[in-house]
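Visitor: let's see this in three dimensions:
(2 chains)
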Amino acid sequence: MSNKEPLFSAKNRRLLTTPLSKENPITIQVLGICSALAVTVKLEPAFVMAISVMAVLAFGNVIISLLRKTIAPRIRIIVQLVVIAALVILVDQVLKAFVYDVSKQLSVFVGLIITNCIIMGRFEAFAMSNKAWPSFLDGIGNAAGYGIILIVVAFFRELFGSGTIWGFKVIPEVFYEIGYKDNGLMILPPMALIVVGIIIWVQRSRDKELIEEN
Amino acid sequence: MKALRDAIDKIKPQFEKGGKLSYLQSTFDAFETFLFVPNKTTKIGSHIRDHIDMKRTMSVVVIAIIPALLFGMWNVGYQYNLSHGEAASLWDNFLFGFIKVFPIIVVSYGVGLGIEFIFAQFRGHEVNEGFLVSGMLIPLIVPPDTPLWMVALATAFAVVIGKEVFGGTGMNILNPALTARAFLFFAYPSDMSGDKVWIAEKADAYSGATPLGNLLTNQPFDTLPSASDMFWGFIPGSVGETSTFLILVGALILMITGIGSWRIMLSVFLGGFGLAALFNLIGPYVAPDNAYMALPAYYHLIMGGFAFGAVFMATDPVSASQTNKGKWIYGILIGVMAVLIRVLNPAYPEGMMLAILFMNVFAPLIDHYVVEGNIKKRMKRAKLATA
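Guide: Predicted structure coming up:
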């Protein structure tokens, strides 16, 4: 076996890039929607959430990939859950230690990363049948695809809902004086769904191949 | 008329396929069919075409709205002068209201029709005229002082998210005008509720609370306007919703022409009245400290947006139930839900908007089960006949 692949071969690069658009976990596979609704009121928690999911997914993929030959198929879900749970607890502790405020804002949603369908989905679909390095890249790629949607949604919700970006006031005071008001609907969860819907709409009308047949 | 027809026929070839303005085909088509009933004939098979098409249907609805609109304009001026303690002539009142309300109508039509035309052009279908009605309804269900940019934003939201994403007129799940109102209600609550917004440029010392606002804050019933004031419409409120009488005039027009479903209108009133009456009966036993329950049942029908919603919103043929039995269920549940929200939910003074939107979502489900039930019944009969 001397056909050793370079670390960033075309195939591996694709693992990183396709989840950003063509196989995006949120807009194409429609996974992980709950957290996309819950943590995107402000940009900062959305960003932290994206990083957390990335850590859990990337390392979880590597661990599952390394263990994949030893896991008995009948108990694989349990094993996967143990791995996710352990990683999520680690992430949660780290967040509490270093970014306590954000951790408070994210509240239960850090714990709920365990139930994020993207993670189990990637374990099952990819890590169980691939080597560690591609699994790592797949984890990074998918979490980035998830994170980019989270950040885009949070950007618009924070900008129009609170008039701020990353906590800084960006809409000038003059606007408020002539009658502009922040949009309260943007703060409410339904608007996150609508913003995700608009992203899905834009994406599919730019790339017609993605339109599902029904 | 003849000259107009000739003029249209003369410029028509330019808009047809191959003509130099063919990219504006759907825009041209929209104006042509608006002015004249299209002379299309059915080509395949035989089915009956009514002489009245969607543009004519919508025009009738707009006519039915006009009485409530004109009264609404007058009432805006009347409430303004009342709050300032000034007597004004009928004409002055109307003029003041006209200046307040007309820009809202212009913005609502401008933004809504603009988006409709753009979508029709891009998708290459004809411009549908559902918005002729929605554009007239939106100004009637907002407070007279609503900033115009909010109206524009809400209209855009309703047309794009409420209608076009589902495929345009006839495909929407929710009533577009109410979608616009719901958008405003949740996005800018301080401009859409409370007791400051219902009278245009209200004098500070004057209480501008609507009857529903009074009830929500548990004020005694004698602070309410008299029932006749509420019926005729001399109360603060959204522009077109105050006069139950003129709304009923509109309802009559819709019923006589057969355009609005009398089943839905009647069942909404029945549902609301029924639950309110039930509250009257059981109120003293189950919730003695909720005075709202003791409010005479017929008050619910003449306060707030109940009548307006029942006549012009719930009957929207696209978002309502289609089957006759379904219409009864749909209507009764709207009435019930509206009173339920008013009386039992302290967060929302008015429940009509939410009730109709809620039942819009369920209308297809109701229809589904009505149709299923009918099929089952007939299958049973068929089996009995053959057995």
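
Visitor: residue A:92 contacts residue A:111, doesn't it?
Guide: Yes: Residue A:92 lies in contact with residue A:111 (CB atoms under 8 Å); the separation is 6.5 Å. Just so you know, the C-beta spots here come from the backbone N, C-alpha and C atoms, and that holds for glycine as well.

Visitor: count of neighbours near residue A:203?
Guide: 17 (other CB atoms under 10 Å in any protein chain shown).

Visitor: can you tell me the residue of the stretch 201-350 of chain B closest to chain A?
Guide: Nearest residue of the stretch 201-350 of chain B to chain A: residue B:347, at 13.3 Å (CB to the nearest CB).

Visitor: backbone dihedrals for that residue, both of them.
Guide: phi -80, psi -30 (degrees, to the nearest 10).

Visitor: do you know the pLDDT at it?
Guide: Note for residue B:347: predicted pLDDT of 80.

Visitor: got it, and residue A:153?
Guide: 93.

Visitor: what does chain B have sitting close to chain A?
Guide: By CB under 8 Å from any CB of the partner chain, the residues of chain B that approach chain A are B:147, B:149, B:150, B:161, B:165, B:183, B:186, B:187, B:188, B:189, B:190, B:191.

Visitor: and with 10 Å instead?
Guide: B:122, B:147-150, B:153-154, B:157, B:160-161, B:164-165, B:182-192 (CB under 10 Å from any CB of the partner chain).

Visitor: hang on, residue A:136 is in a helix, isn't it?
Guide: Yes: membership of residue A:136 in a helix is supported by DSSP: H, G, I helix; E, B strand; the rest coil.

Visitor: what helix or strand is the closest residue to it other than its chain neighbours on?
Guide: Nearest residue to residue A:136 in three dimensions, chain neighbours excluded: residue A:62, at 5.0 Å (CB to CB, 6 or more residues apart in numbering or on different chains). Secondary structure from DSSP states H and E places residue A:62 in helix A:43-67.

Visitor: C-terminal to that helix, what's the next element?
Guide: By DSSP H and E, the next helix or strand past helix A:43-67 is helix A:76-98.

Visitor: could you check the angle helix A:43-67 makes with that following helix?
Guide: Angle of helix A:76-98 versus helix A:43-67, following axes from the mean of the first three to the mean of the last three CA atoms, to 10 degrees, is 140 degrees.

Visitor: what about helix A:76-98, distance to the chain center?
Guide: 16 Å (CA atoms, centre = their mean, to the nearest Å).

Visitor: buried ones in that helix?
Guide: Across helix A:76-98, burial judged by 16 or more other CB atoms under 10 Å in any protein chain shown covers A:76, A:79, A:80, A:83, A:84, A:87, A:88, A:91, A:92, A:95.

Visitor: for the second one, what are its contacts?
Guide: Looking back up the chat, that one is residue A:79. Counting by CB atoms under 10 Å, 6 or more residues apart in numbering or on different chains, residue A:79 touches A:63, A:64, A:67, A:68, A:70, A:71, A:72, A:123.

Visitor: which secondary element of chain B has the worst mean pLDDT?
Guide: Scoring the helices and strands of chain B by mean pLDDT, DSSP states H and E places helix B:25-35 at the bottom, with a mean of 70.

Visitor: can you name every helix or strand that the helix or strand just after that one contacts?
Guide: Later in the chain than helix B:25-35, the nearest helix or strand by DSSP H and E is helix B:54-83. When contacts are defined as 3 or more CB pairs under 10 Å, 6 or more residues apart in numbering or on different chains; DSSP states H and E, helix B:54-83 sits against helix B:25-35, helix B:90-123, helix B:130-140, helix B:244-257, helix B:306-308.

Visitor: any idea how far helix B:54-83 is from the chain center?
Guide: Remark: helix B:54-83 is offset 12 Å from the chain centroid, using CA atoms, centre = their mean.

Visitor: follow-up on the earlier one: could you pick out which of the contacts of residue A:79 are near chain B?
Guide: Of the contacts of residue A:79, not one also sits near chain B (CB under 10 Å from any CB).

Visitor: just checking, residue A:154 touches residue A:36?
Guide: Yes: Residue A:154 lies in contact with residue A:36 (CB atoms under 10 Å); the separation is 9.2 Å.

Visitor: check residue 100 and give its pLDDT.
Guide: I went with chain A, as the question did not name one. In this prediction, residue A:100 has a pLDDT value of 90.

Visitor: not quite, go with chain B.
Guide: Predicted confidence (pLDDT) for residue B:100: 90.

Visitor: ditto for residue A:7
Guide: Here, the pLDDT recorded for residue A:7 equals 76.

Visitor: can you get me a residue count around it?
Guide: 9.

Visitor: contacting residues around it?
Guide: A:13, A:133, A:137.

Visitor: part of a strand, is it?
Guide: No: applying three-state DSSP, one finds residue A:7 to be coil, outside a strand.
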